[in-house]
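Asker: any chance you can model this:
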Amino acid sequence: MDILQLVIVIAVLILLVKPLGTYVYQVFANEPSRLDRLYGGTERLIFRMIGLKQRAGMSWKVYALSFVATNIILVVLSYIILSLQFALPLNPNAIGGMEPTLTFNTVISFMTNTNLQHYSGESSLSYLSQMAVIMMMMFTSAATGFSVAIAFIRGVTGKGKSVGNFFEDFVKANTRIFLPVSFVIMLVLVALQVPQTLDPTLTVKTLEGAVQQIAIGPVASLEAIKHLGTNGGGFFGANSAHPFENPSPLTNVIEILSMWALPAALPYTFGLFAKNKKQGWVIFSAMMCLFLVFLTVAFASEKVGNPAMNALGIDAAQGSMEGKEVRFGIAQSALFTTVTAAATTGSVNNMHDTLTPLGGMVPLAEMMLNVVFGGKGVGIINMLMYAILAVFICGLMVGRTPEFLQRKIEPREMKLIAIAILTHPIIILIPTAIAFMTDAGQGAISNAGYHGISQVLYEFTSSAANNGSGFEGLSDNTPFWNISTGLVMLLGRYVSMIVMLAVAGSLMEKQPVPETLGTFRTDNKLFTVLLIGTVLLIGALTFLPTVVLGPVAEYLTLR
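Answerer: Reported below is the predicted structural model:
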């Protein structure tokens, strides 16, 4: 029964890839379509309001400057609202303003699509903050990442000097994808008993006669964009393990598909832009193969359980249920864990801190690789980066100038890709080392030994990958952790996006090279294997020592 649940969800996901990928292509292909009749009027009004009469194409530099400037303005606005929420309306529970370093961390977290939460939403944010900052940034950060991914795809598949217009892409991402789809998901969740209200916290009397406060609010609307935009920040501190956010196995599956479908569809969209659908299926196949390996490890580890507990006759039959919701069980908990890390969403329906060592290694490893579908645009950009790297390595092996999509791969592109590849481990490993070397860092660790190493490593990996989930055994709401993870989130988001836009701009300006008998094909099964091998080789060489110090060492001690 557990295996059947996994197979059904994966099968539904695969069925969604082609129609959803085609829809995304129609949205961003900038060609006349039936969608213009439905959304054109609204978009033209928005364009007039922001003064965008001529939507001329942008170079990669102007595109990068545009999305960074837009994000800066939104950050400033959000910081003001969170700091002054005590004096603003829609605060029926009289919640005060946030501490400055926590405000910094929260604003950066949601602007970078990370949604790392060093706070509990139901007790730290007013309804205005939840809607005007948290939900607003969930839309804008997702639209930003999606737009950059489309611009990158245009760059590696097109020609000329324009990768598109950021403001047009940004508006279309919201009006044609995130707003309408999240509205439908919200209605479905409301029908399935997820709250959607502006009423204040409920005061009720328990069966024993005690008084209890029950937090409610606009939960369904936040849940919809939280998953669709691969954001992950929950209305409640318990996130999607909370029965108001995720009340049943059916809502669990809906949330899984919501955060997984768009990242899974982007490879097919890439194939349509490249005028070669096989190219898209190669990228999708590589992602899915890696995903299935990680899912197998997570499910098998949790199903087997803790050997020390099994020796006592505890959990021997049902697996490790510690930290999991009974309504989800092992299968849906393992699948949710694998998908949320693969799609860099950060939403959790179980406590990752209580996963078995190898089960906890799965989300950690996925975030370290950051290519297994990925969040809004990040996964496809990083996987295409590894595809270019694989072509370069193969070209060196056969003594031929490497080509990708009929563009020569030269030193400029490889230097930029090297920057993107090296930035990720640097902003994870160096802060991790600093945390262990300082009292401010060590004071937050709640577990000694190998599990404590995993806690710290997971926190910075989650920040760098713009995921946002945590082991949650870490006392992270301190100035040290708020500032350090905030800086890591900034670097993890913007360095790779800007660098890969530069790669796309460089490739776009090159003259296409005609295919010959000696051209190395990138749309077949062989390249799928080479792509997976390149990802694992780079990831293993970079992160294996630290993974061995944490989850692997913990696993070996239990046995």
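Asker: show me what the host helix or strand of residue 436 is packed against.
Answerer: Here residue 436 is covered by helix 411-437, with elements defined by DSSP states H and E. If contacts are counted by 3 or more CB pairs under 8 Å, 6 or more residues apart in numbering; DSSP states H and E, helix 411-437 sits against helix 357-369, helix 378-398, helix 439-442, helix 450-464, helix 479-508, helix 525-547. Every residue, glycine included, has its C-beta placed from N, CA and C.
Asker: average pLDDT for that helix?
Answerer: Per-residue pLDDT over helix 411-437 has a mean of 94.
Asker: buried ones in that helix?
Answerer: Under the neighbour-count criterion of 16 or more other CB atoms under 10 Å, helix 411-437 has 413, 416-417, 419-421, 423-425, 427-429, 431-432, 435 buried.
Asker: of all the helices and strands packed on helix 411-437, which one comes closest to residue 66?
Answerer: Closest to residue 66 of the helices and strands packed on helix 411-437 is helix 479-508 (CB to CB; 10.9 Å).
Asker: mean confidence for that closest one?
Answerer: Here helix 479-508 scores 94 as its mean pLDDT.
Asker: buried residues in it?
Answerer: Buried residues in helix 479-508, counted by 16+ other CB under 10 Å: 480-482, 484-508.
Asker: repeat for stretch 449-458
Answerer: For stretch 449-458, burial by neighbour count (16+ other CB under 10 Å) applies to 450-458.
Asker: now stretch 167-186
Answerer: Neighbour-count burial for stretch 167-186 flags 167-179, 181-182, 185-186 (criterion: 16+ other CB under 10 Å).
Asker: ok, now stretch 187-204?
Answerer: Applying a neighbour-count criterion of 16+ other CB under 10 Å, one finds 188-190, 194-196 buried in stretch 187-204.
Asker: out of those residues, the closest to residue 226 would be?
Answerer: Distances from residue 226 to those, taken as CB to CB, are shortest for residue 189 (10.7 Å).
Asker: what about the closest residue to that closest one other than its chain neighbours, distance to residue 261?
Answerer: Here the nearest residue to residue 189 in space, its sequence neighbours aside, is residue 220; by CB to CB, 6 or more residues apart in numbering that works out to 4.3 Å. From residue 220 across to residue 261, the span is 18 Å (CB to CB, to the nearest Å).
Asker: who has more neighbours, these two?
Answerer: Neighbours per residue (other CB atoms under 10 Å) separate residue 220 from residue 261, with residue 220 holding more: 25 against 20.
Asker: residues contacting the more buried one?
Answerer: Residue 220 is in contact with 186, 189-190, 194-196, counting by CB atoms under 8 Å, 6 or more residues apart in numbering.
Asker: any idea how far residue 11 lies from residue 339?
Answerer: Residue 11 is 14 Å from residue 339, where distance means CB to CB.
Asker: equivalent analysis for residue 506, please.
Answerer: For residue 506, the distance to residue 339 - CB to CB - is 34 Å.
Asker: what ranges in the protein fall below the confidence cut-off?
Answerer: Scanning the chain with the threshold set as pLDDT under 70 gives 122, 314-317.
Asker: middle-most residue in it, spatially?
Answerer: Geometric centre of the chain, nearest residue: residue 344, 2.4 Å, by CA atoms, centre = their mean.
Asker: residues near the closest residue to that residue other than its chain neighbours, how many?
Answerer: In this structure, residue 344 finds its nearest non-sequential neighbour in residue 375, 3.7 Å apart by CB to CB, 6+ apart. Other residues lying near residue 375 total 31 when counted by other CB under 10 Å.
Asker: more crowded one of residue 11 and residue 339?
Answerer: When residue 11 and residue 339 are compared for neighbours, residue 339 comes out ahead with 29 against 10, by other CB under 10 Å.
Asker: how much space separates the residue nearest to residue 189 from residue 143?
Answerer: Distance from residue 220 to residue 143, counting by CB to CB: 20 Å.
Asker: from memory residue 61 sits against residue 505, does it?
Answerer: Yes. Assessed by CB atoms under 8 Å, residue 61 is found in contact with residue 505 at 7.3 Å.
Asker: just to revisit the earlier point, return the backbone torsion pair for the residue nearest to residue 344.
Answerer: phi -80, psi -160 (degrees, to the nearest 10).
Asker: what's the distance between it and residue 489?
Answerer: According to CB to CB, residue 375 and residue 489 sit 13 Å apart.
Asker: what do the two both touch?
Answerer: Common neighbours of residue 375 and residue 489 (CB under 8 Å, 6+ apart) are residue 466.
Asker: assumed residue 213 was part of a strand.
Answerer: Yes. Using DSSP: H, G, I helix; E, B strand; the rest coil, the assignment for residue 213 is a strand.
Asker: quick one: contacts for residue 506?
Answerer: Under the criterion of CB under 8 Å, 6+ apart, the neighbours of residue 506 are 412-413, 416.
Asker: and those as TSV, adding distance to residue 551?
Answerer: Converted to TSV, the contacts of residue 506 look like this (distance: CB to CB, whole Å):
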residue	distance to residue 551
412	38
413	35
416	32
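Asker: go through these and name the one nearest residue 333.
Answerer: The closest of these to residue 333 turns out to be residue 416 (CB to CB; 39.3 Å).
Asker: helices of the stretch 201-350 of the chain, start to end?
Answerer: Shown for the stretch 201-350 of the chain, the helices assigned by DSSP state H, counting those that start in this stretch span residues 219-228, 249-273, 277-304, 307-311, 329-342.
Asker: nearest to residue 401, out of those?
Answerer: Closest to residue 401 of the helices of the stretch 201-350 of the chain, according to CB to CB: helix 277-304, at 19.9 Å.
Asker: run the angle between the closest one and helix 525-547 for me.
Answerer: Counting by axes from the mean of the first three to the mean of the last three CA atoms, to 10 degrees, helix 277-304 lies at 40 degrees to helix 525-547.
Asker: helices and strands around helix 277-304, which ones?
Answerer: By 3+ CB pairs under 8 Å, 6+ apart, helix 277-304 packs against helix 2-28, helix 249-273, helix 329-342, helix 357-369, helix 378-398, helix 525-547.
Asker: can I get these in CSV with distance to residue 309?
Answerer: Shown next, in CSV, are the helices and strands packed on helix 277-304 (distance: least, CB to CB, whole Å):
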stretch, distance to residue 309
helix 2-28, 19
helix 249-273, 25
helix 329-342, 14
helix 357-369, 13
helix 378-398, 35
helix 525-547, 23
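Asker: which of those sits closest to residue 472?
Answerer: The nearest among these, by CB to CB, is helix 357-369 at 11.4 Å.
Asker: could I have the CA atoms of that closest one written out in PDB?
Answerer: C-alpha atoms of helix 357-369 as PDB (Å, rounded to 0.1, in the frame of the first residue of the first chain):
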ATOM      1  CA  PRO A 357      20.300   9.500  10.000                       C
ATOM      2  CA  LEU A 358      20.100   8.400   6.300                       C
ATOM      3  CA  GLY A 359      16.600   9.700   6.100                       C
ATOM      4  CA  GLY A 360      17.800  13.100   7.300                       C
ATOM      5  CA  MET A 361      20.700  12.900   4.800                       C
ATOM      6  CA  VAL A 362      18.300  12.800   1.900                       C
ATOM      7  CA  PRO A 363      17.000  16.400   2.100                       C
ATOM      8  CA  LEU A 364      20.500  17.500   3.000                       C
ATOM      9  CA  ALA A 365      22.100  15.900   0.000                       C
ATOM     10  CA  GLU A 366      19.300  17.200  -2.400                       C
ATOM     11  CA  MET A 367      19.900  20.800  -1.200                       C
ATOM     12  CA  MET A 368      23.700  20.300  -1.600                       C
ATOM     13  CA  LEU A 369      23.200  19.300  -5.200                       C
END
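Asker: that helix vs helix 411-437, what angle?
Answerer: 140 degrees.
Asker: so what angle separates the directions of helix 357-369 and helix 378-398?
Answerer: 80 degrees.
Asker: can you report how many residues lie near the residue lying closest to residue 380 once chain neighbours are set aside?
Answerer: Leaving out its chain neighbours, the residue that sits closest to residue 380 by CB to CB, 6+ apart is residue 266, at 4.3 Å. Neighbour count of residue 266, defined by other CB under 10 Å: 31.
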